[in-house]
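**Student:** Make a model of this:
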Amino acid sequence: MDWVIYREHFEAFVSGNIMKSLLGFSVMGFFGTFITIFLSNADRARRKTALQVCLAVFLIIVTIMLSVPYLQMTQAIKANEMKNLTQQEKADLLIKEGNKLTDKIFSLNEKKDLRDAIKKYDEALQLSPENDWGHARRGMAHRRLGEYANAIGNLQKAISISSEYAWAHYQLALCYFEQGLYEDALNNYNIAIELAEKHNLSNFSFYYRNRAKTYAALAKADRRKADELNKE
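**Tutor:** Reported below is the predicted structural model:
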């Protein structure tokens, strides 16, 4: 931690009228409660409990006073670091921030996280319009929201920038599969698997598993069609 920067933020924070008032009332409240407890006729156990509560509240206020300047300091350092980055580096950083939102294992509000992630990807692509990673990740976020037109547009853009982008083809296959467009899904699964093998990518077994689901869906559709023809 840069203690010089922290001290500057702490002094600026405490110098504010709100903080002065909060600190003043906290100190007065603490000592006022402390004196009241010991001048009261309460038994020893109640005094002890009241004192513990009083100390706990005081410690919470002190913690807030120390943590807020720290958060302000980290934000200032981050902003300063951003100034020294190239447009591409800034875009990559924003994409990573978006990825943290889309890659949450558990989310109480997944749709909000995905919307916030898309905003990050939007910012990144304004800085770096030809960023295939950004387009692919934004496409994936739109797919998970069920916004297939936007998803397909972004994924196709990513592929037009980087034609051998296996993961983008995989996401495009998922878009088609989820809409029941199994032939288009199968085509993109085949391309994704071919590219993954060509570039020796690791951990793409789920490409095969999802292609197998597509074959099963096509087989089911074919059986249904055969049954319809037999009835005629």
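**Student:** For this structure, which segments count as helices?
**Tutor:** 3-14, 17-39, 44-83, 87-102, 110-127, 132-144, 148-161, 166-178, 182-198, 205-231 (DSSP state H).
**Student:** What mean pLDDT does the first one get?
**Tutor:** Meaning helix 3-14. Taken as a whole, helix 3-14 has a mean pLDDT of 48.
**Student:** mind checking how far Leu55 is from Thr63?
**Tutor:** 12 Å (Cβ to Cβ, to the nearest Å). Using the backbone N, CA and C atoms, a C-beta is placed for each residue, glycine as well.
**Student:** And the two? Which one has more around it.
**Tutor:** Neighbours per residue (other Cβ atoms under 10 Å) separate Leu55 from Thr63, with Leu55 holding more: 13 against 10.
**Student:** how near is the more buried one to Arg144?
**Tutor:** With Cβ to Cβ as the criterion, Leu55 and Arg144 are 47 Å apart.
**Student:** Contact partners for the residue positioned nearest the centre of the chain?
**Tutor:** With distances taken as Cα atoms, centre = their mean, the residue of the chain nearest its centroid is Leu101 (1.3 Å). Leu101 is in contact with Asp113, Leu114, Asp116, Ala117, Lys120, counting by Cβ atoms under 8 Å, 6 or more residues apart in numbering.
**Student:** Wait, the second one touches Gly139, no?
**Tutor:** No. Using Cβ atoms under 8 Å, Leu114 is not in contact with Gly139; the gap is 11.9 Å.
**Student:** Tell me which of the two has more neighbours.
**Tutor:** Gly139 (27 against 22).
**Student:** For that one, which non-adjacent residue is spatially closest?
**Tutor:** Nearest non-adjacent residue to Gly139, counting by Cβ to Cβ, 6 or more residues apart in numbering: Asn154, 3.3 Å away.
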